[in-house]
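[1] Model the following, please.
(one chain, ligands or ions: 2)
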Amino acid sequence: MAYRTSEACEVCGKSRIEFCPRCKAQVCVETHGVVAGARHCSICEDELVEELESAQIVFDARERDFSLPRMAFWSDVVARVDLALTRRRIRRMFARRSPEMIQRARMQRRA
Ligand SMILES: [Zn+2]
Ligand SMILES: [Zn+2]
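    Ligands and ions are numbered 1, 2, ... in the order given. Next comes the predicted model:
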């Protein structure tokens, strides 16, 4: 390899790297770098999207479950408020994780 691993993207090994301000990972500018409009890399973005999608799946499942017509409206309101709060909690937790916590979680996921 023409480049030392210390100068390559952690994901794909490409050169022209930058450091993610959130997780401090060394990522390529081209593909895995800081996401437009965000302050984190594409690996961090995957983490956030995955958690938001899980909340959406729970919401969708509950929506399908409303069987009593009289209760449906309020159940729907409650479910929507709950989803909004969950999404806010997910974003807050995402913002609070330290680079050490993030890296540790990633190692566990790979293992
Ligand atoms: Zn890369
Ligand atoms: Zn990152």
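
[2] Buried ones in the helix or strand encompassing Met107, by neighbour count?
    Assigned by DSSP states H and E, Met107 falls within helix 99-110. The neighbour-count check on helix 99-110 (16 or more other C-beta atoms under 10 Å) flags Ile102, Arg106 as buried. In short, each C-beta sits where N, CA and C put it, glycine included.

[3] For it, output the C-alpha coordinates as CSV.
    C-alpha atoms of helix 99-110 as CSV (Å, rounded to 0.1, in the frame of the first residue of the first chain):
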residue,chain,number,x,y,z
PRO,A,99,-15.8,9.6,21.3
GLU,A,100,-14.7,6.8,23.7
MET,A,101,-18.2,5.6,24.2
ILE,A,102,-18.8,5.7,20.4
GLN,A,103,-15.6,3.8,19.6
ARG,A,104,-16.4,1.2,22.2
ALA,A,105,-19.9,0.6,20.9
ARG,A,106,-18.5,0.2,17.4
MET,A,107,-15.9,-2.3,18.5
GLN,A,108,-18.7,-4.3,20.1
ARG,A,109,-20.8,-4.2,17.0
ARG,A,110,-18.0,-5.5,14.8
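
[4] same for it, what does it pack against?
    Counting by 3 or more C-beta pairs under 8 Å, 6 or more residues apart in numbering; DSSP states H and E, the packing neighbours recorded for helix 99-110 are helix 42-65.

[5] so what secondary structure elements neighbour the helix it packs on?
    helix 69-96, helix 99-110.

[6] Are the last one and ligand 2 in contact anywhere?
    No: contact check for helix 99-110 against ligand 2, using C-beta under 5 Å from the ion: none in range, with a minimum separation of 7.0 Å.

[7] what angle separates that helix from helix 42-65?
    Computed with axes from the mean of the first three to the mean of the last three C-alpha atoms, to 10 degrees, the direction of helix 99-110 lies at 70 degrees from that of helix 42-65.
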